[in-house]
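K.L.:
Okay, structure incoming, though there's no sequence with it:
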């Protein structure tokens, strides 16, 4: 018995020793270069045959002890024998046993020196990308349908689980059609045992050509540093040195145009920094907070010192909240804004609205990028408005602009339309009210680097109130409205023709103290209409002033004074003409009469010394002209028509007042009847309440009486029982 046991043990031990020896020899042979080179050769042959292209792996290293795989010099050609994919090194350290349970546990992975060259001809829609055959080769095949009875539905297919602890990418380059290039210096990912995930990305750059209707634009984007931290669902991003550069290979829009702003989308050179907190992120949703944002366009000078906002977005809409935008001396606060994101597929246009925008603005902060004329505008302005719009129009409601000392107040509303076509672009604003005074108006004008004329006359206007509208069109600005001043009212319309360099318009007044405005005491109130046109071309004006030696503007004024007063003389139907050639302004005044015209010529060289105006009077006799007769008949007919219209208006007013009184009496009667009905209903309700109370008291008495009767009966029954 003992011999058989011993023999059995010897056999078992011998078999185990042989197995161990065989495994040891196999393990040692597996780690030899010859075996691994043979494996590499076999793998490349299989992969080349599977992809139907050339695959080359220079060297491979597989270690069972370290549970790692290393590949060196990997190359894959496309079907046109071009180098499509190259990689200097790929290293993966993973645990082997979990693979049996469809779990890929990668403790460390590294990819270095990867270069991919991708092509897909854009001109041929039927052409196939050079990498499509790789996608097709590894695309999951559909499983054949089998009898549902034979399928064991209790065994659910376990999905593949991938867990990566460390990942490093270095020196990555990708090109697409030789027009789009992207490079990555390094990316490092790490996940700790406490599930803390960090990502550090350095020097990600991309360059491509953007095709626009106006030509090709070279675009370069560079991200210097991206730090991402995911700590138990709390995700923080630090974005530093984010650069965006565009070049359309054309002259900048403000080249040789000093009055034009430097902002040019064809020549962006933007650098940005910001912190992003990803509160929630899903397939189609994003909730994030951006803080400490800094954006600088080095070409235009637009500099946002601080940008803060909260965003809650999905693929259809985005809601922004607590938006703060700070420039050097400007702060804008947007409490909330809603954006409808555009989609060509769903035919959904872009639209947006911000119901409350407040801020304190210094216009010189936007001078260099948008309007150099504002470079010295240092008056702080308080701003409040509501904004909405779409991709072709912007609307502004309840616009309020004022200074802290309330010396300038503006209330307006407006819109900017045709944003997609600069030639049809229109800025229109209705000014409900603007108030200031002549002295502060001069202070505002002094913020602009323009020549000042008639500032003395502006002071004389005193308090100024304006309401009207203005339009800004392509190379043209139009203004109209009613100006209330201490000297009277002026109804005006004028336009700036930037193309031909002229300013022209019309001024009307029923009563204006022109003498006080022009510092001419002998001239009293006037009622008139005047048309004017002035040359604002600097080259033409400079040429004339050099020739004439003057300082006046160049232009003309034609006025018709329906009523006026000079010293103690009242005049009507006065016509005035004024011509200025930059040195001397000369004019003629004609007072037309039925039989006689009074003439007056004058001239001056300085608008601030109107007292020194030279005047030459004259008289002209004539017969009553046919025009005067026709004008007289026309005035009589107009006067008669005005009287008839006034009578009709009075009749209509009386009829309207009578109808209003009748309606008022009917309304009062209806109110009285309603009051009586309400009073009657109230009495009925009180009566019903009293009846209800009476019935309740009667029921209570009956109940009490029944209770007493029952008590007596119970007492008698008790006495009878005792007896």
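P.N.:
Yes, it's here. Because the structure is a prediction, the values reported are computed rather than measured.

K.L.:
And residue 232, its phi and psi?
P.N.:
Taking degrees, to the nearest 10, you get phi 60, psi 50 for the backbone angles of residue 232.

K.L.:
er, residue 116 I mean
P.N.:
Residue 116 has phi and psi values of phi -120, psi 130 when expressed as degrees, to the nearest 10.

K.L.:
likewise residue 249?
P.N.:
Note on residue 249: backbone dihedrals following degrees, to the nearest 10 are phi 60, psi 30.

K.L.:
Would you check how far apart it and residue 422 are?
P.N.:
20 Å (Cβ to Cβ, to the nearest Å). For the C-beta atoms, the positions are set from N, CA and C on the backbone; glycine is no exception.

K.L.:
Next: residue 476.
P.N.:
Residue 476 is 13 Å from residue 422, by Cβ to Cβ.

K.L.:
Between the two, which is the more surrounded one?
P.N.:
residue 476 (13 against 8; other Cβ atoms under 10 Å).

K.L.:
quick one, helices of this structure?
P.N.:
Counting by DSSP state H, the chain has these helices, from start to end: 2-30, 33-51, 132-138, 367-370, 438-445, 455-460, 514-518, 538-548, 626-722.

K.L.:
Name the stretch among those that sits most buried.
P.N.:
Highest mean neighbour count of these: helix 514-518, a mean of 20 (counted as mean count of other Cβ atoms under 10 Å).

K.L.:
where does the stretch 1-150 of the chain have low pLDDT?
P.N.:
By pLDDT under 70, the weakly predicted segments of the stretch 1-150 of the chain are 1-36, 39, 62-67, 95-104, 122-126, 138-150.

K.L.:
just the strands in the stretch 451-600 of the chain please.
P.N.:
Secondary structure of the stretch 451-600 of the chain (DSSP state E, counting those that start in this stretch): strands at 463-473, 476-485, 488-497, 502-513, 523-535, 554-566, 569-581, 585-591, 596-604.

K.L.:
out of those, which comes closest to residue 645?
P.N.:
For residue 645, the closest of those is strand 502-513, at 19.0 Å, according to Cβ to Cβ.

K.L.:
which parts of stretch 299-310 are buried?
P.N.:
Buried residues in stretch 299-310, counted by 16 or more other Cβ atoms under 10 Å: 299-305, 307-310.

K.L.:
Mean confidence (pLDDT) on it, please.
P.N.:
On average, the pLDDT along stretch 299-310 is 94.

K.L.:
rewinding a little: Throw the helices of the chain into JSON lines and include distance to residue 559, thanks.
P.N.:
Output for the helices of the chain, formatted as JSON lines (distance: least, Cβ to Cβ, whole Å):
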{"stretch": "helix 2-30", "distance to residue 559": "108"}
{"stretch": "helix 33-51", "distance to residue 559": "90"}
{"stretch": "helix 132-138", "distance to residue 559": "79"}
{"stretch": "helix 367-370", "distance to residue 559": "38"}
{"stretch": "helix 438-445", "distance to residue 559": "22"}
{"stretch": "helix 455-460", "distance to residue 559": "16"}
{"stretch": "helix 514-518", "distance to residue 559": "10"}
{"stretch": "helix 538-548", "distance to residue 559": "23"}
{"stretch": "helix 626-722", "distance to residue 559": "18"}
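
K.L.:
Could you tell me the least trusted of those helices?
P.N.:
When the helices of the chain are compared on average pLDDT, helix 2-30 comes out lowest at a mean of 47.

K.L.:
Figure out which of the strands of the stretch 451-600 of the chain is closest to residue 716.
P.N.:
strand 463-473 (100.1 Å).

K.L.:
could you say what helices and strands the closest one packs with?
P.N.:
Under the contact criterion of 3 or more Cβ pairs under 8 Å, 6 or more residues apart in numbering; DSSP states H and E, strand 463-473 touches strand 426-437, strand 476-485.

K.L.:
That one: partners in the sheet, and parallel or antiparallel?
P.N.:
Within its sheet, and counting by DSSP bridges, strand 463-473 is paired with strand 426-437 (antiparallel), strand 476-485 (antiparallel).
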